Structure formats: structure tokens, C-alpha cells
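**Q** Provided below are the primary sequence and the corresponding predicted coordinates.
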Amino acid sequence: MGAQGRIGLLDQGHYVCALPGDATGTAWIEQEGKAFAITGGSSYRTERGAGTYLLEGKQVTFTRGPLKGMMLLKLSSGLLQEVDKGGKLSRLRCHRTGPLSE
């Protein structure tokens, strides 16, 4: 996926990433190691460290840090969906769960 427009910023706060569950169990299955917090500017942090991201139009690319190389598509304010290496949308979705606590 190439650049899709103007550069922007994600809403600050905590984001949790999950895969859809099924009708017989949990609606969402949280994915360990994928949660992150947008801390300001183009910066994020995870349990494993901090890094930077680039938001071009609706495409989010983590450019440095523990999530480097991960790409997401901004579906709406606070809702993102992972883009796999082949450029297709994966089932993983990340949603903003609340503001930063500090």
C-alpha cells in the first residue's frame, strides 16, 4: 500500500488489539503483545518499549520500536484494522479503550 494522503496523528490513548471470537465463546480474543498507547506526536509505547509511527491518510505504519513494520488501516476514530504483508486486511482490529492514565 502506498501513501494515501496527508500526514496526521492518531488519537492519544490506550489501544487493545483483538481477533474476532465466535458465537460459542468470547466475542473478542485479545492478542498478547499487540497492545499499545499513543502518547503524543507520532509516538507510541508498549510493554516492550517505545517507538514512532506514521499516519498517511488512513494508513498507519509503525516505523521504529517494538511494533516496527506493523501496518494498520484507520477505519474510524479509535478503530484500526491490521494490514498484512501482502496488503490485505487481516482479522486483527485495534480499538482505543481510553485516555492515557498519566
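**A** Great, that's in hand. Just so it is clear, the model here is predicted, and its values are computed rather than measured. Numbers count the residues shown, from 1 in each chain.

**Q** where exactly do the strands run in this protein?
**A** Secondary structure of the chain (DSSP state E): strands at 7-8, 13-20, 28-30, 36-40, 43-46, 49-56, 59-64, 71-76, 79-83, 89-98.

**Q** JSON lines for the ones you listed, including mean neighbour count?
**A** All C-beta atoms are positioned from the backbone trio N, CA, C, and that covers glycine. Below are these laid out as JSON lines (neighbours: other Cβ atoms under 10 Å):
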{"stretch": "strand 7-8", "mean neighbour count": "12"}
{"stretch": "strand 13-20", "mean neighbour count": "17"}
{"stretch": "strand 28-30", "mean neighbour count": "12"}
{"stretch": "strand 36-40", "mean neighbour count": "18"}
{"stretch": "strand 43-46", "mean neighbour count": "18"}
{"stretch": "strand 49-56", "mean neighbour count": "16"}
{"stretch": "strand 59-64", "mean neighbour count": "18"}
{"stretch": "strand 71-76", "mean neighbour count": "18"}
{"stretch": "strand 79-83", "mean neighbour count": "19"}
{"stretch": "strand 89-98", "mean neighbour count": "16"}
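
**Q** any chance of those strands in TSV, plus mean pLDDT?
**A** Shown next, in TSV, are the strands of the chain (pLDDT from 0 to 100):
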stretch	mean pLDDT
strand 7-8	93
strand 13-20	94
strand 28-30	84
strand 36-40	95
strand 43-46	97
strand 49-56	97
strand 59-64	97
strand 71-76	96
strand 79-83	97
strand 89-98	95
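
**Q** Look at Thr24 and report its pLDDT.
**A** The pLDDT attached to Thr24 in the predicted structure is 81.
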